[in-house]
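1. pasting a predicted model and its sequence here:
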Amino acid sequence: MPHKRMVETDMKMLDEIIKRVRNLTHDQQKEMLEILKGLQAGKQRDYPRLEAKTDIDVVVGDRVIQTDARDISASGIYINTSGKFEINKSVRVVFSVPGIDKPFKLQGMIVRVEQDGLAIKFKNITPYFKKILDDIIWESNNPDDNFS
């Protein structure tokens, strides 16, 4: 699976970066942090979001909602739906993304309820799956790619 190899290569690169940063002096680490912050200036979120119209199943209590996502990131998803929902309610989500054979089956929590949808933050997502989602979203934000 080509995507798995890319993730493994990226993980090796991140390991190398971390190893090199650990070998810097405290002052050099502070300087490196400022450089990284500058590279990410204007980004308020830990992970980029991607507008997406992917189908999703959400299990809330004994209800199953079949809908689509408005946007997705490696930390959560915003779905289009209406109805009454409770903030901090646990949910299960199932959705697919291009290039990945198996659907994502994740636990989440409702963190925001709006008139036309709700925001779900993923819980207990492994770093491996978070990296896969983040990579797909970064690749899809490339103008040559299309997620929807």
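-> Yep, that arrived.
2. low-confidence stretches in this protein?
-> Residues of the chain meeting the criterion pLDDT under 70: 1-8, 40-52, 98-99, 137-148.
3. switch the cut-off to 90
-> Per-residue confidence for the chain (pLDDT under 90) gives these ranges: 1-18, 32-55, 61-63, 65, 68-77, 82-84, 95-105, 115-116, 124-148.
4. what ranges do the helices span in it?
-> 2-22, 26-39, 127-140 (DSSP state H).
5. could I get the CA-only coordinates of the last one as CSV?
-> It refers to helix 127-140. The C-alpha atoms that make up helix 127-140 are tabulated as CSV, following Å, rounded to 0.1, in the frame of the first residue of the first chain:
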residue,chain,number,x,y,z
PRO,A,127,-1.1,9.0,16.4
TYR,A,128,-0.9,6.7,13.4
PHE,A,129,-4.5,7.4,12.3
LYS,A,130,-4.1,11.1,13.1
LYS,A,131,-1.1,11.2,10.9
ILE,A,132,-2.9,9.4,8.1
LEU,A,133,-5.8,11.9,8.3
ASP,A,134,-3.5,14.9,8.5
ASP,A,135,-1.5,13.7,5.5
ILE,A,136,-4.6,13.1,3.4
ILE,A,137,-6.0,16.6,4.3
TRP,A,138,-2.7,18.3,3.5
GLU,A,139,-2.5,16.4,0.2
SER,A,140,-6.1,17.3,-0.6
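6. for it, name the packing helices and strands.
-> Helices and strands touching helix 127-140, by 3 or more Cβ pairs under 8 Å, 6 or more residues apart in numbering; DSSP states H and E, are helix 2-22, strand 104-114. Every C-beta, even on glycine, is put in place using the N, C-alpha and C of the backbone.
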